[in-house]
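Trainee: what shape does this take:
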Amino acid sequence: MDSIQPRAWLPAVPPDAEGQLALFEKNCLQLRTDFQLVAGVEEAVKTLATLRSRHQWALGAAHYHPLLEQILPSIALEIRYVEEQPGLPSLERCSVGITACDALVAQTGSILLTSHSGGGRALSVLPPHHVVVAQINQLVPDLPAAFELLQARYRDDYPSFVTFITGPSRTGDIERILVLGAHGPKNLTVILIR
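Mentor: You can find the predicted model right below:
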């Protein structure tokens with residue numbers, strides 16, 4: 001029997017980087033993910049500061065990551081780092097969870113998050129707003145490319161937690177009415193640095 005080729009039945013993806021970026025943005029819009037494309041770290045700081053003011057975040061949670069360490073000290077928000085204050089009670093009081101990621105998937109508008117890149121599952125699930133900060137070189141075309149990235153990057157140290165986040169938490173179980181934030185964050189923002 002021939003092996004199944006996943007790319008044959010998954011949605012088509014443009015071959016060029018700009019086309020993939022446009023597809024990711026389109027998918028974010030359809031999924032109700034707030035997508036912010038910024039020119040650099042300084043603009044990422046301004047975008048996060050604007051979000052802090054707009055959503056009136058009082059307390060945030062994050063994890064130590066080189067990209068986040070360039071941004072978070074400048075946004076005038078008290079941050080609890082999961083490495084210093086582990087535990088659910090600490091995260092439950094936070095207005096926002098801010099993470100890095102392993103990759104962004106153009107094909108689905110998904111965020112690939114692992115225990116190595118995202119500070120653990122609770123950080124992206126408990127606070128009512130999840131913000132992901134990524135760089136343009138983290139955009140991959142499709143799901144097979146995301147899995148290939150995982151295999152190459154973590155061959156000898158595979159993460160204990162791997163997830164794809166595709167839009168804010170949602171359910172339609174009750175009377176077929178879509179409800180956002182039922183099982184996780186009601187708001188999801190991706191800040192992508194060119």
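
Trainee: measure the residue lying closest to residue 92 once chain neighbours are set aside to residue 79 for me?
Mentor: Closest residue to residue 92 apart from its sequence neighbours, by CB to CB, 6 or more residues apart in numbering: residue 126 at 5.6 Å. C-beta: built from backbone N, CA, C; applies to glycine. Noted for residue 126: a distance of 15 Å to residue 79, by CB to CB, to the nearest Å.

Trainee: quick revisit: quick one: the residue nearest to residue 92 and residue 88 touch, right?
Mentor: Yes: when contacts are counted by CB atoms under 8 Å, residue 126 is listed as touching residue 88 (6.7 Å).

Trainee: the two: who's more crowded?
Mentor: residue 126 (19 against 9; other CB atoms under 10 Å).

Trainee: from residue 152, how far off is that one?
Mentor: 31 Å.

Trainee: again with residue 93
Mentor: 38 Å.

Trainee: of those two, which one has the most company?
Mentor: Between residue 93 and residue 152, counted using other CB under 10 Å, the more crowded position is residue 93 (13 against 8).

Trainee: thinking again about what came up before, contacts only, for the residue nearest to residue 92.
Mentor: Going by CB atoms under 8 Å, 6 or more residues apart in numbering, residue 126 touches 88, 91, 92, 94, 97, 184.

Trainee: need the pLDDT of it.
Mentor: The model reports residue 126 with a pLDDT of 89.

Trainee: then the one 10 residues further on?
Mentor: The confidence metric pLDDT takes the value 98 at residue 136.

Trainee: can you get me a residue count around it?
Mentor: Neighbours of residue 136 (other CB under 10 Å): 12.

Trainee: hang on, it packs against residue 191?
Mentor: No: counting by CB under 8 Å, residue 136 does not reach residue 191; the two are 11.4 Å apart.

Trainee: ok, residue 82 to residue 64 distance?
Mentor: 9 Å.

Trainee: restricted to strands, list the contacts of residue 126.
Mentor: Among the contacts of residue 126, the members found in strands (DSSP state E) are residue 97.

Trainee: so which of the contacts of residue 126 sits lowest on pLDDT?
Mentor: Minimum pLDDT for the contacts of residue 126 is recorded at residue 184 (66).

Trainee: circling back: residue 26: which of the contacts of residue 126 is nearest?
Mentor: residue 184 (22.8 Å; CB to CB).

Trainee: good, we can wrap up now.
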